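Chemist: 3D, please:
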Amino acid sequence: MTDSPTLFDVPDGTVSDDDRDNMGASINHEGMVEAPAQGDTSVEAARRIAPLSGGKRLEVLAAIVHAGHYGLTDEEGQEITGMNQNTYRPRRVELSEGYKDIEGGWVKDSQKRRPTSTGSMAKVWVATNKGWTADIERRRKVAA
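Modeler: Sure thing, here's the model as predicted:
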């Protein structure tokens, strides 16, 4: 691995924990947020394959995780994050499909569609277990 920031590094100016809730996740007996059901090795695997750099990708992932099972269209994500379409969509594509040495699979097409402001139907994106795990690990790191 390189010394570049990972998905778990919290850059300044990202969406704060106070701005999110835990939709789709559960709270354990210690009051910690837990991702939807997955194996114990998932967290370690996510750490190993998360060479994501840049706060924008992390902010897009956090917004999609925050939306829970409702998910976000790209237009909704742009509105929530304040990013323009030329910034938001490429980061979401990187999270879903990967880019260079960045593995995808953090978010996926929910197979749902919602109308945009122009009336066109748009894909609704939701976080995968891998995306949930990454966001929860980031929160734990911030809390530590």
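
Chemist: Longest strand of this structure, counting residues only.
Modeler: strand 107-115 (DSSP state E).

Chemist: Parallel or antiparallel, list what pairs with it.
Modeler: strand 121-127 (antiparallel) (DSSP bridges).

Chemist: what comes up buried for the strand it pairs with?
Modeler: Neighbour-count burial for strand 121-127 flags 122-127 (criterion: 16 or more other Cβ atoms under 10 Å). Heads up, the C-betas are built off the backbone N, CA and C, glycines and all.

Chemist: following it, which helix or strand shows up next?
Modeler: Reading on from strand 121-127 to the C-terminus, the next helix or strand found by DSSP states H and E is helix 129-143.

Chemist: ok so, going back, using a markdown table, lay out the buried residues of strand 121-127 together with pLDDT and distance to Ala134.
Modeler: Shown next, in a markdown table, are these (pLDDT from 0 to 100; distance: Cβ to Cβ, whole Å):
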| residue | pLDDT | distance to Ala134 |
| --- | --- | --- |
| Ala122 | 98 | 24 |
| Lys123 | 98 | 21 |
| Val124 | 98 | 20 |
| Trp125 | 98 | 15 |
| Val126 | 97 | 14 |
| Ala127 | 96 | 9 |
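
Chemist: Just put those residues in CSV and tack on distance to Tyr70.
Modeler: CSV is the format used below for the buried residues of strand 121-127 (distance: Cβ to Cβ, whole Å):
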residue, distance to Tyr70
Ala122, 14
Lys123, 13
Val124, 8
Trp125, 11
Val126, 8
Ala127, 11
